[in-house]
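1. Return atomic coordinates for the entry below.
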Amino acid sequence: MSAVAVSRVQERVTGPTLTIDPAAIAANTRLLAGRATGELMAVVKADGFGHGAVTVARTALANGATGLGVTSIAEGLALREAGLRAPVLSWLNPVDADFATAVAHDLDLAVPSAAHLEAIVREAPGARIHLHLDTGLARDGAEPTAWARLCRTARRAEQAGRLRVVGVMGHLPCADEPGHPANAAGRTRFAWGVETARAAGLRPAVRHLAATSATLTDPRSHHTTVRVGAGLIGIDPSGTTTLSWAMTLTAPVVSVRRVRGGTGVGYGHTWTAPRATTLALLPLGYADGLPRAASGRAEVLLRGRRRPVVGRVSMDQVVVDVGDEPVLAGETATVLGPGRAGEPTPADWAAWSDTLPHEVVTGFGPRIARGTALASLRGVR
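-> Below you'll find the model as predicted:
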């Protein structure tokens, strides 16, 4: 196919498109690595927070990250299949997970319980493990009452040559509120956990507690490594630092209609046109990840201006009020993006939906075409 033909095919995109900007990820990684007092682990769980795990991983590693973090073993294996050789830690697995395959592909494993430790010793000799301590969330991680015994058991397994304890990890419960007393308690518990591990004879070289918010606001929690995921793609939960949004979602106008005042729009007629106006239809909805909770509040950018989404967000479509603007079918609306041209950002959609930007960016489904801002790849390995 000729270059001209390829160009024409690219111009004929018929549906919504999600475009990822590696240059934004690179800039965020450099900023966060510069704030860290130690090394930076790039967390690319949930398909890189909806931005493509391999794209985010490669970009982060080229711009200051030294390792990668995921939840499941499957996520780690996908990185290995893509040819990434950096250290990868997987930290959320059931007791009967395929630990042997993980070790065969050089994945580090987090150990939050005696049952996990026993399974790894039995099924995956030679594993590199990070003992995981609950530092205040009461979810993943070993309870403090079980920690000393877990450390002693791990030490015996290490002495027997069954595994290597290379790390200790925890997670702060309220890091997006830097002054919250639960964070001080979490730091204290983590320090106790490290000392308890050392008293058992362990020498964990990697110690990580801080995620994005604490990386930006709390150097006391950095230890040898910080784990950053949301910050890589532009989210700062602490609200203290301006990062670069890396995602842009566009959608074509599929039809335009002129309606009279008093016309009800969408299911339930939750919005009625107050006067004669023009309505533009976009082909995406909550089945694609557009939050239904944003109905009646959301906006998109069309012809250089914010336009309100009117009526309910449907499964496959939304209606936009463009007033008297002569919008044509085939024009492109920017649903969200970095905000530089006035378009809504993921934070705007989160506010309209009473949720987190994390949920917004990880929610877009497979019907939306994916793309990469190729011009931004210059200088990104």
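2. Now do the nearest residue to G201 once chain neighbours are set aside against T278, distance only.
-> Closest residue to G201 in three dimensions, ignoring its sequence neighbours and counting by Cβ to Cβ, 6 or more residues apart in numbering: R155, at 4.6 Å. Where C-beta positions appear, they are placed from N, C-alpha and C, glycine not excepted. Look at R155 and T278: by Cβ to Cβ, to the nearest Å, they are 71 Å apart.
3. Now do the SS call for the residue nearest to G201.
-> Under DSSP: H, G, I helix; E, B strand; the rest coil, R155 falls in the helix class.
4. per-residue pLDDT, it?
-> R155 carries a pLDDT value of 98.
5. Can you get me a residue count around it?
-> 17 (other Cβ atoms under 10 Å).
6. Test my guess that it contacts V165.
-> Yes: the criterion here is Cβ atoms under 8 Å, and R155 meets it with V165 at 7.3 Å.
7. shared neighbours, the two?
-> Common contacts of R155 and V165 (Cβ atoms under 8 Å, 6 or more residues apart in numbering): L202.
8. Could you list the domains of the protein?
-> By the assignment in automatic domain parsing, the chain contains the domains 22-233, 247-377.
9. pLDDT (mean, whole number) over the shortest one?
-> It refers to domain 247-377. 96.
10. Can you give me the buried ones in stretch 167-184?
-> Going by neighbour count (16 or more other Cβ atoms under 10 Å), the buried part of stretch 167-184 is 167-177, 183-184.
11. One more: stretch 118-137?
-> So for stretch 118-137, counting by 16+ other Cβ under 10 Å, buried means 119-121, 123-124, 127-136.
12. Could you do stretch 279-287 as well?
-> 279-286.
13. Please save the CA atoms from that stretch in PDB.
-> The C-alpha atoms that make up stretch 279-287 are tabulated as PDB, following Å, rounded to 0.1, in the frame of the first residue of the first chain:
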ATOM      1  CA  LEU A 279     -27.400  18.500  18.600                       C
ATOM      2  CA  ALA A 280     -24.300  16.500  17.600                       C
ATOM      3  CA  LEU A 281     -24.200  12.700  18.200                       C
ATOM      4  CA  LEU A 282     -20.900  11.000  19.300                       C
ATOM      5  CA  PRO A 283     -20.600   7.200  19.100                       C
ATOM      6  CA  LEU A 284     -19.400   6.200  22.500                       C
ATOM      7  CA  GLY A 285     -21.000   5.700  25.900                       C
ATOM      8  CA  TYR A 286     -20.800   3.800  29.100                       C
ATOM      9  CA  ALA A 287     -20.100   0.500  27.400                       C
END
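14. re the thing from before, nearest to T241 among the domains of the chain would be which one?
-> Among those, domain 22-233 comes nearest to T241, with 5.0 Å by Cβ to Cβ.
15. just to revisit the earlier point, tell me the contacts of the residue nearest to G201?
-> 165, 200-202.
16. what do you get for P178?
-> P178 sits in contact with 213-214, 217-218, 238, 240, where contact means Cβ under 8 Å, 6+ apart.
17. and if you look at F49?
-> 56, 229-230, 232-233, 235, 358, 361-362.
18. Spatially, what comes nearest to it if we skip its sequence neighbours?
-> Closest to F49 by Cβ to Cβ, 6+ apart is I233, at 5.0 Å.
19. same question, A114
-> Nearest residue to A114 in three dimensions, chain neighbours excluded: L150, at 5.8 Å (Cβ to Cβ, 6+ apart).
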